[in-house]
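J.: Sharing a sequence plus its predicted fold:
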Amino acid sequence: MSAGHASQIEILLGLVALLFFVIFGAIILSVVKKSRAENKQLEEAQPELTHEPKMEMPTMAAEEPVLAHIDSTGHVVSDMEAVDLAAALRKTEENLFGRIRSLFKSDANKQHLDDIEEILYTSDLGPATVQRLMGALQEKLSRKERADYDTVRDALKEEIKNIFAGSHSSAPTAGILSKINFAESGPTVLMIVGVNGAGKTTSIGKISAQLAAEGKKVLVAAGDTFRAAAGGQLKVWTDRAQVEIFSPEGVTDPSAVAFDAVAKGKAQNYDVVIVDTAGRLHTQANLMEEIKKMKRVMTKVIPEAPHETLIVLDANSGQNALMQAKEFHSTLELTGAVLTKMDGTAKGGVAVGLAQELQIPIKLIGVGERIQDLRTFSAQEFVDSLFQAHI
């Protein structure tokens, strides 16, 4: 073979080798790109495969619970009473005293007792309350005075204050601690009852947050074992409030949950144990018997427990809320009431009926979505707000 032929063969072999290298490199590059694409798709799909469904969060902003701020002088100022109560109760005022005021505007020289009585009956005050208010107008005012709006207004205002005084709701207070009957020693046990939809879970979360903000060590017992989602909803609130929840797995007996929670609260030096209960209709006798059992078993751990038995009532339900309170009170001997959604209803008159017919104190009222919008109830402030709005 000549030198020329040998050189040509070497060149040919070099080209073949280069061709194989290019082909093999292209194949490897294609495999790498495909592998990277598959990995990227897997990564993008992974969150959907492992992500748990989001639980609906309560209407609390992420910055809640900020319950105080520092003013321009450097002092810590509570934001608990920041709500304008007169504005929150505007619908109630318009429905009740706004209509009475309109009567006198239309005919200032006429007595309007019959019309006033009709307005009171349709304002969710309850029949006993209406009779008491009308009796006060008839007994305390002369015929001439009954035709004067300011005199009628002042008489109604004074009698409503007297009604609240009888229920021990009248004293002005500051902060949630002033509304709770704390135990002399050991944990204070709060039992929270009410029908579904009244705002019980939300109220428990807000009470927990406020107590924690006051430095109290709080344990919340998930005693609503009937609704599958109840424990999860309560946990959302306790996580936000940064308090502990007691929700043992596999335990379906609410009395067992209540007993064990109170026992844990006592053994581990909690300040407050809040026991949630299943929402139930006041007409369901078997369920009402079970809630009585929950209350009894707590006394086996702490004889005085529960120190507070509070019913949560939706003010929007009007006279039905009053009926619920009566039935729960006869079964459990309520120590107080929490009225929710007062800012969104014209039926706030139920607060007066509750004080008149049951004589149990209204401890807290809800006038908004924020934690601090579940606020302590002052009858003086409540009545003043009703009568001062739109005057």
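T.: Noted; the coordinates are in hand.

J.: Count the residues that sit near Val106.
T.: Quick fix: residue 106 reads Ser, not Val. 9 (other CB atoms under 10 Å). Bear in mind the C-beta positions are built from the backbone N, C-alpha and C, glycine included.

J.: Now do the same contact list for it.
T.: Ser106 makes contact with no residue, according to CB atoms under 8 Å, 6 or more residues apart in numbering.

J.: likewise Ala305?
T.: Val189, Val262, Met298, Thr299.

J.: Make a markdown table out of those residues and add pLDDT, distance to Ser378 and secondary structure.
T.: Listed next are those as a markdown table, based on pLDDT from 0 to 100; distance: CB to CB, whole Å; DSSP: H, G, I helix; E, B strand; the rest coil:
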| residue | pLDDT | distance to Ser378 | secondary structure |
| --- | --- | --- | --- |
| Val189 | 98 | 25 | strand |
| Val262 | 97 | 31 | helix |
| Met298 | 97 | 30 | helix |
| Thr299 | 96 | 32 | helix |
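
J.: Please pick the buried ones from these.
T.: In those, burial by neighbour count holds for Val189, Val262, Met298, counting by 16 or more other CB atoms under 10 Å.

J.: Let me have those residues in TSV, extended by distance to Gln319.
T.: Listed next are the buried ones among the contacts of Ala305 as TSV, based on distance: CB to CB, whole Å:
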residue	distance to Gln319
Val189	31
Val262	35
Met298	31
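
J.: tell me the mean pLDDT for stretch 274-292?
T.: Averaged over stretch 274-292, pLDDT sits at 81.

J.: which other residues reach whichever helix or strand Arg132 is part of?
T.: Assigned by DSSP states H and E, Arg132 belongs to helix 127-140. Residues outside helix 127-140 that contact it (CB under 8 Å, 6+ apart): 113, 116-117, 120-121, 125, 146, 152, 155-156, 158-160, 163, 352-353, 356-357.

J.: Need the contacts of Ala305 in a markdown table (columns: distance to Ala17).
T.: Listed next are the contacts of Ala305 as a markdown table, based on distance: CB to CB, whole Å:
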| residue | distance to Ala17 |
| --- | --- |
| Val189 | 87 |
| Val262 | 85 |
| Met298 | 88 |
| Thr299 | 93 |
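
J.: And these, which is closest to Ile274?
T.: Val189 (8.0 Å; CB to CB).

J.: ok, the closest one touching Gly265?
T.: Yes - using CB atoms under 8 Å, Val189 is in contact with Gly265, at 7.2 Å.
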